[in-house]
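Trainee: predicted model and sequence follow; I will ask about them next.
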Amino acid sequence: MGKTLSLPQSRPMPIIGTRCHELRINDETTNWRLIYRIDEDAIVILEVFFKKAQKTSKKVINMCKKRIKEYDNA
């Protein structure tokens, strides 16, 4: 029962899947992003990357969708 994060730290990513979010971590030189899904029994980390553009790339979105599918089928 931890603290719920919302903008600007985390935002929902329904384009990837239900319960998927993007965590924003900014350091001195890089804007890091961590895509994750909240399951009942786990937090599933789908991708960690640095972000230069305003939008999340289709490549990252598609990779996350693929990883969710693989995780759910395992």
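Mentor: Yep, that arrived. Everything numeric in this text was worked out from a predicted model, so none of it was measured.
Trainee: any weak-confidence spans in the protein?
Mentor: Across the chain, the ranges flagged by pLDDT under 70 are 1-3, 5-7.
Trainee: now do the strands in it.
Mentor: Assignment of strands within the chain using DSSP state E yields the ranges 10-12, 20-26, 31-38, 43-50.
Trainee: minimum distance to R67: which of these has it?
Mentor: With CB to CB as the measure, strand 43-50 is the member of the strands of the chain nearest R67 (5.0 Å). Placement of C-beta: from N, CA and C, glycine included.
Trainee: next, the buried residues of that closest one.
Mentor: V44, L46, E47, F49 (16 or more other CB atoms under 10 Å).
Trainee: so what does that strand touch, helix or strand wise?
Mentor: In this structure, strand 43-50 packs against strand 31-38, helix 58-73, with contacts taken as 3 or more CB pairs under 8 Å, 6 or more residues apart in numbering; DSSP states H and E.
Trainee: hmm, who's touching stretch 42-55?
Mentor: With contact meaning CB atoms under 8 Å, 6 or more residues apart in numbering, stretch 42-55 is reached by 16, 20, 30-37, 60, 63-64, 67-68, 71.
Trainee: any chance of the strands of the chain in TSV, plus distance to T56?
Mentor: As requested, these are arranged in TSV below (distance: least, CB to CB, whole Å):
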stretch	distance to T56
strand 10-12	10
strand 20-26	7
strand 31-38	7
strand 43-50	9
